[in-house]
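1. Need the 3D shape of this:
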Amino acid sequence: MITRLENRWNQWEQLLLLLSLVLQPQYRLSLFNDNILNLSYTHFGQWINYYYQVWFGVIPQHILREYLSYQRKVYPFDMQTFNQLGGDIIDFWDLAKGQALELSHFALHLYGICVNSTSVE
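-> Prediction:
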C-alpha cells in the first residue's frame, strides 16, 4: 500500500500542492524548512509565472508585482482581510481581483482544481 501511494505521489505535480500552501495566507512559507534553498518566494514566483503561461496561454504582465504585494502582506493580502472573510480562500482571492488581477486569476484556478481530477487519477 505504501509503495502504491508513493508511486502516485511521485506522478502528481507536487509543486501545485506546494503553491496552494504558499498562496494560503495562514501558511505562506511558514510550513517550510528555512534551510531548504530552493523553497523561497523567488522560486515559487518562477513557478507561478510558468503555470500562468501554461494554463492561460499568455505571458503575465504584473503577476510578480502582485505576488510581491502578497509576500509583503499589503492590503488586501493581510490577515485582517482574510479573517474578515471568515478564512474563505475563494472569497479572499475573489476580493483580491481588484488589486491583483493576474495573481487572483491564477490562485482561483489553482484552488478550483479538484484533487481527484489531477493527472494521477
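2. For the rest of this, base every contact and every neighbour count on C-alpha atoms.
-> Noted.
3. C-terminal to the helix or strand of the chain with the lowest mean pLDDT, what's the next element?
-> Among the helices and strands of the chain, helix 2-11 carries the lowest confidence by mean pLDDT, DSSP states H and E, at a mean of 67. Sequence-wise, the next helix or strand downstream of helix 2-11 (DSSP states H and E) is helix 14-22.
4. for that following helix, packing partners?
-> Secondary-structure packing of helix 14-22 (3 or more Cα pairs under 8 Å, 6 or more residues apart in numbering; DSSP states H and E): helix 101-111.
5. can you tell me the average pLDDT over the helix it packs on?
-> The average pLDDT within helix 101-111 is 97.
6. In it, which residues are buried?
-> L101, E102, L103, S104, H105, F106, A107, L108, L110, Y111 (16 or more other Cα atoms under 10 Å).
7. Ok, stretch 58-74 next?
-> So stretch 58-74, judged by 16+ other Cα under 10 Å, has buried residues I63, L64, E66, Y67, S69, Y70, Q71.
8. quick check, nearest of these to Q80?
-> Nearest to Q80, judged by Cα to Cα, of these is Y70 at 13.3 Å.
9. Excluding covalently adjacent residues, which one is nearest to that closest one?
-> Spatial nearest neighbour of Y70, chain neighbours left out: F77 (5.3 Å); criterion: Cα to Cα, 6 or more residues apart in numbering.
10. What distance do you get for A100 to L39?
-> 23 Å (Cα to Cα, to the nearest Å).
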